[in-house]
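> got a sequence here, can you model it:
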Amino acid sequence: MRGTLHIALLSLVASLLHAQPSGTQILKNIEANFSDIQDFSVDLEANVDLERLKVPKMKATMYFKKPDRIRFVSEGFALLPKEGVGFTPSNLLARFDVENVKEENSEFILTLHPKKDKTKLKKVFMIVDSSNWTVKQLTTPQFDGRQMKAEFHSEKVTGHWFPSQLHVTFSSDSTNTDLPEFFGQLPQGQRPSQNPRKGTITVSYSNYRLNTGLKDEFFEEEREKK
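Numbers count the residues shown, from 1 in each chain. Modelled structure (predicted):
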């Protein structure tokens, strides 16, 4: 009897130790990596391979300041999907509700819903690496049949995990003739006449600069230009 009780207690302790964290706790773990990061900037180099569109290699600098200020600066135009490149895990709890959590090996797959109704995103699927609590993949199906999948590779920068490379894949319903919003960044004469149904953008990140004291006015300059 005592042996059976002992085994039952051990099983209970083991199950508690390996209990799946809640969706909220997973997002908190991701955000913790950025807890003492107030701002950063990073250099970007992007290679674009989209159907019906030829774009040379692009370079830009991304600036970020908490909670959600982002600015891209480049000498020419920069065709960058901001949903992927501009993704930062600093305010996930404020932006998303967690609908479902699934565990596979050392990864968690989360189904998220944006809290703001105005956003064009209706659902986001996120894959999280539990070994370092970094986002490995984001998939964002659109209401019009399009889908964007962003795969992140991360590295440690002064004790914090940041993306080192991003691979974005686009797919679209062939019946959809509207151009994706981010093609509006292209000069008028270089925009494709038809919607690219598929393609990839690979972005490399380098030279991170953390907590340099970026001013709010710097981000206001970008808003005034629009």
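> tell me the pLDDT at residue 200?
With respect to pLDDT, residue 200 has a value of 89.
> any stretches of this protein with poor pLDDT?
Along the chain, segments meeting pLDDT under 70 span 1-19, 52, 76-79, 81-83, 117-120, 143-144, 173-197, 222-226.
> make sure I have this right: residue 80 is in a helix.
No. Counting by DSSP: H, G, I helix; E, B strand; the rest coil, residue 80 is not part of a helix but coil.
> quick one, phi psi at the spatially most central residue of the chain?
Taking Cα atoms, centre = their mean, the centroid of the chain lies closest to residue 87, which sits 3.7 Å from it. Here is the backbone geometry of residue 87 (degrees, to the nearest 10): phi -70, psi 130.
> how much space between it and residue 96?
Plainly put, residue 87 is 12 Å away from residue 96 if you go by Cβ to Cβ, to the nearest Å. In this view, the C-beta of every residue, glycine as well, is placed from N, C-alpha and C.
> same thing with residue 142?
From residue 142 to residue 96 the distance is 17 Å (Cβ to Cβ).
> the two: which is more packed in?
Each of residue 142 and residue 96 has its neighbours counted (other Cβ atoms under 10 Å); residue 96 has more, 21 against 18.
> surely that one touches residue 112?
Yes. At 4.1 Å, residue 96 counts as touching residue 112 under the criterion of Cβ atoms under 8 Å.
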